[in-house]
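Participant: this is a predicted model, with the sequence first.
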Amino acid sequence: MKKVTAFAPATVANVSCGFDILGFAVEELGDKVTVSLSEQPGVRVVSIEGDGGRLPYESEKNTCSVAIQAFVDQVGFERGIEISLSKGLPLGSGMGSSAASSVAALVAANSLLGEPLGRKELLPFAMKAEGVACGAEHADNVAPSLLGGFVLIRSYKPLDVTRLHVPEGLYCTLVHPHFELNTADSRSVLRQQVSLKDAIIQSGNIAGLVAGLFQEDMGLISRSLQDVIAEPSRSVLIPGFDEIKEAIKDAGALGSGISGSGPTTFILSPSREIAQKASEICQEVFNKIGLEVDLYVSAVNVRGAYLINESKNEVL
Ligand code: HSE
């Protein structure tokens, strides 16, 4: 029976000032999903590994099956599909774990069915899965995981998504402390009103960040990495967050922020060396706090999700 496997990368959503409208993909970290046709009708999750037994198998709760079900409903496919999920990403980390699963599932299923839809057309199904995972159909993890690079969601209704330029030499450090923050909980602490003053600051920063990416202006990117909407309410939930922000300045990093809804912190740097140095500084900060962390240094992943030939162990 034909099988298709796809990998989808981890992502940093929000990127400080772009709450729910901006995200980028990172290298290497991510989830793998294998799909195959089945004589038994319906979309079913048959195996999950790497989740410590915590993710649901029920079709209406698992982000892979929710996404694929929405996709097959749209393309009118009526035979069965079996799903095997291999988690590379920790749950509740702020690195787009649920998004990587649904995106890998969709890319694999679209290939299995002979590519009836283009990449961007898969996005609404992945967003539906995000709705199931955290109660909000936000696209700032699924869009960059699917398309790669930096992605801006200009509008949700109608959906208007565009890829941005990725400057040469831009690197990211991810600092993942060993505890979980559930996205639904992190969203529940957000203020529902934004003052005119904060709206002006946030708009200036998001416009500055987008301009900085296109102009490869690292100073402008650095000045724009400021979030007055989500970060003030959420950063109190993340030990070490303020210390990191202060400590990485001397290393020459551009700035830091909460990756998605946390607890991972992302740092942007103008070179791999500085990103590496920032990672070492963060390790020292967390040694002092006494909390275990995983640290990753990565370029921005401009490819997004991709197919893998499992039998030959090669990327397609
Ligand atoms: N924009 C979403 C949030 C991302 O901040 O809640 C969740 O990963």
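Facilitator: All right, it came through fine. Residues are numbered from 1 along each chain as shown.
Participant: so where do the helices sit in the stretch 1-150 of the chain?
Facilitator: Applying DSSP state H, counting those that start in this stretch to the stretch 1-150 of the chain gives helices spanning 63-75, 97-112, 123-134, 142-147.
Participant: can you list these in CSV and add mean pLDDT and distance to residue 244?
Facilitator: C-beta here means a position set from N, CA and C on the backbone, and glycine is covered the same way. CSV is the format used below for the helices of the stretch 1-150 of the chain (pLDDT from 0 to 100; distance: least, C-beta to C-beta, whole Å):
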stretch, mean pLDDT, distance to residue 244
helix 63-75, 97, 30
helix 97-112, 98, 21
helix 123-134, 96, 25
helix 142-147, 98, 23
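Participant: of all those, which lies closest to residue 291?
Facilitator: helix 97-112 (19.7 Å; C-beta to C-beta).
Participant: all strands of this structure, in order?
Facilitator: 3-13, 22-38, 43-49, 80-86, 150-155, 160-164, 171-177, 255-258, 265-269, 293-299, 306-309, 314-315 (DSSP state E).
Participant: which of the ones you listed sits closest to residue 103?
Facilitator: strand 3-13 (3.8 Å).
Participant: elements contacting that closest one?
Facilitator: Packed against strand 3-13 by the contact rule (3 or more C-beta pairs under 8 Å, 6 or more residues apart in numbering; DSSP states H and E) you find strand 22-38, helix 97-112, helix 142-147, strand 171-177, strand 306-309.
Participant: what is the neighbour count of whatever residue of the chain ends up closest to the ligand?
Facilitator: Relative to the ligand, the nearest point of the chain is residue 260 (2.7 Å; C-beta to the nearest ligand atom). Per other C-beta atoms under 10 Å, the neighbour tally for residue 260 reads 30.
Participant: do residue 2 as well
Facilitator: 8.
Participant: now swap in residue 308 and tell me
Facilitator: Residue 308 has 18 neighbouring residues, counting by other C-beta under 10 Å.
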